[in-house]
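Visitor: Sequence first, then the predicted structure:
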Amino acid sequence: MTLALAYSRARTGVYAPEVRVEIYLAGGLPRFNIVGLPEAAVRESRDRVRAAIQCSKLEFPNRIITANLAPADLPKDGGRFDLAIALGILAANGEVSVEALAKYECLGELALTGELREVDGVLPAALAAAKAGRALIVPIANGDEVALASDVEAYLARSLLEVVAHINGVHSLPLAMPKIINNEPIHYLDLADVRGQLQARRALEIAAAGAHHLLFIGPPGCGKTLLASRLPGLLPEASEEEALESAAIASVSGRGLDIARWRLRNFRSPHHTASAVALVGGGAEPRPGEISLAHNGVLFLDELAEWDRRALEVLREPLESGVVTISRAARQSEFPARFQLVAAMNPCPCGWSGDPSGRCRCSLEAIQRYRSRLSGPLMDRIDLQLSVPRLAPHEMRSDAPRGEATELVRTRVKAAREIQQQRCGKTNARLSQSETEKYCYLATKDQNLLERAMEALQLSARATHRILRVSRTIADLAASENITTQHLSEAIGYRQLDRGTC
């Protein structure tokens, strides 16, 4: 046999397109060529594969070897194709069954000794292999990650020799088994630790119930960061599909995947000096940024007005579409970015504008310049904007009444989300324009109220639709079938930055 075929998977964003590794042996002076748009690390696999085969006491053919990685227009990088190339050469040389090899997809970097080293992006490859109906062979170091994909038949190997023995039916490789994770209850930061701030706590509950974006505006030390850190505990547990999506992003991020926390919703809080690339992702080999790492979770941006404006503007499209696309000359990578934004900022440069103490000495022009760092289109996309006042001294007493605990609030949030799922299969924040008109119907008097608010606050159509969606969430929390004047008035009240009251 002079021609053989092996299957592997490339990495493009969070997707794993199929790569057919075609091996052809021809007569002539020995040489080894790899074609099919390989990058430097792939071209270097020639030396790794040759040494691994020879150190494994297998025969390396002294012929012209051509390895074609198809499709030819898909860039290939990294050492993930080493195992498939080696098996293809052995199959073309008659040392591995060609028919048996066709049942598997292979991922793994080869050491010179023939041992297998772990690679990244294994989880997306496992999900794709399951859809293709083939088994997967990966290094044993990737076992915990590949086991998350319950639908794939995944085998774990330590060396090239073990893989050859398995494919030839001499010895069976162990199957990847899900890691037993401690099932102790997860302890989130408790909302009861937040003193006072009843309106902010209410806004946090509404944001959690409808997956709305939220902005806290208030003086230093009033509890903005404390409130934002309590949001993950209010959210329902991620479904298996959502958890797999988030785990796949972590798998290709190059930062590793924490198996013990893969079902938890992510909470990302980058520093305000982070660049636009750090937020959306990028690089010569595109990697996900903070907004993708927060997929199905929470992205917290503290000191919002201190962020570089160019960095904030890149959030506008992902806030609407839930996807970020990174384009390069040779490739285009797409990463999911369906996150919930929570932000916090001071009302002015000194932080005390509007405080009853009157300690603010900022001029009106300085305050306007400070707030103008946030563009109107970005503010339009934030559903809830409210002022968080400084705590009164008596609210800091150790014997002061405490607010509701996280568990109690989460129960109401979960009930509201179940209503939304039964009604339209998604959270209110994700309703389209037509769905908003259908499910957020207003009575005539309430429609007149909304129109007066639009005129008084100079609201855009986008901001108006977001008010309607927030109204729908408030009604769901109250288990009300229809949006009432009370629900609509409360939703309008959360556009405080538009009203200039902060």
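Guide: Looks like it came in fine. Residues are numbered from 1 along each chain as shown.
Visitor: Please enumerate the helices of the stretch 151-300 of the chain.
Guide: Counting by DSSP state H, counting those that start in this stretch, the stretch 151-300 of the chain has helices at residues 160-167, 198-210, 224-229, 231-234, 240-252, 276-280, 290-293.
Visitor: Who are the packing partners of the fifth one?
Guide: Spelled out, that is helix 240-252. In this structure, helix 240-252 makes packing contacts with helix 122-132, strand 287-288, helix 290-293, strand 332-336, judged by 3 or more C-beta pairs under 8 Å, 6 or more residues apart in numbering; DSSP states H and E. (Glycine included, C-beta is placed from N, CA and C.)
Visitor: next one: the third one
Guide: The elements that helix 224-229 packs onto, with contact taken as 3+ C-beta pairs under 8 Å, 6+ apart, are helix 198-210, strand 214-217, strand 298-301, strand 340-345.
Visitor: run the last query once more with 6 Å
Guide: Helix 224-229 makes packing contacts with no helix or strand when contacts are defined by 3 or more C-beta pairs under 6 Å, 6 or more residues apart in numbering; DSSP states H and E.
Visitor: In this protein, which strand is the longest?
Guide: strand 18-26 (DSSP state E).
Visitor: in its sheet, what does the helix or strand following it sit against?
Guide: Tracing the chain past strand 18-26, the next element assigned as helix or strand by DSSP states H and E is strand 31-35. Using DSSP bridges, the strands paired with strand 31-35 in its sheet are strand 64-70 (parallel).
Visitor: now the partner strand: how far from the chain's centre is it?
Guide: For strand 64-70, the separation from the chain centroid amounts to 36 Å (computed by C-alpha atoms, centre = their mean, to the nearest Å).
Visitor: Please name every helix or strand in contact with the following helix or strand past that strand.
Guide: Toward the C-terminus, strand 64-70 is succeeded by helix 82-92 as the next helix or strand (DSSP H and E). Helices and strands touching helix 82-92, by 3+ C-beta pairs under 6 Å, 6+ apart, are strand 3-9, strand 18-26, helix 45-55, helix 98-101.
Visitor: Could you list the residues in contact with helix 82-92?
Guide: Contacts of helix 82-92 from elsewhere in the structure, counted by C-beta atoms under 6 Å, 6 or more residues apart in numbering, are 1-2, 4, 6, 8, 21, 23, 25, 45, 48-49, 53, 67, 96, 98, 101, 106, 108-110, 160.
Visitor: what do you get for stretch 356-369?
Guide: The contact list for stretch 356-369, computed with C-beta under 6 Å, 6+ apart, reads 348, 349, 350, 352, 353.
Visitor: now with 10 Å?
Guide: Residues outside stretch 356-369 that contact it (C-beta atoms under 10 Å, 6 or more residues apart in numbering) are 219, 305, 347-354, 370, 389-390, 392, 502.
Visitor: which of the residues in that stretch are buried?
Guide: Within stretch 356-369, the residues that count as buried by 16 or more other C-beta atoms under 10 Å are 360, 362, 367.
Visitor: And for stretch 306-326?
Guide: 307, 311, 312, 314, 315, 318, 319, 324, 325, 326.
Visitor: Kindly provide the distance from the residue most central in space within the chain to residue 236.
Guide: Compute the mean C-alpha point of the chain, and by C-alpha atoms, centre = their mean the closest residue is residue 295, 2.7 Å away. The spacing between residue 295 and residue 236, counted by C-beta to C-beta, to the nearest Å, is 16 Å.
Visitor: what do you get for residue 371?
Guide: 34 Å.
Visitor: swap in residue 419?
Guide: In this structure, residue 419 lies at 13 Å from residue 236, with C-beta to C-beta as the measure.
Visitor: where do the contact lists of these two overlap?
Guide: Between them, residue 419 and residue 236 share the neighbouring residues residue 209, with contact defined by C-beta under 10 Å, 6+ apart.
Visitor: what about those two, which has more around it?
Guide: Legend: neighbour count by other C-beta atoms under 10 Å for residue 419 and residue 236, higher for residue 419 (19 against 16).
Visitor: Name all residues that make contact with that one.
Guide: With contacts defined as C-beta under 10 Å, 6+ apart, residue 419 is in contact with 209, 428, 472, 473, 475, 476, 477, 479, 480, 481.
Visitor: Buried ones among those?
Guide: Buried by 16+ other C-beta under 10 Å: 209, 428, 472, 473, 475, 476, 477, out of those.
Visitor: Including pLDDT and secondary structure, could these go into TSV?
Guide: As requested, the buried ones among the contacts of residue 419 are exported to TSV (pLDDT from 0 to 100; DSSP: H, G, I helix; E, B strand; the rest coil):
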residue	pLDDT	secondary structure
209	97	helix
428	95	helix
472	97	helix
473	97	helix
475	96	helix
476	96	helix
477	96	helix
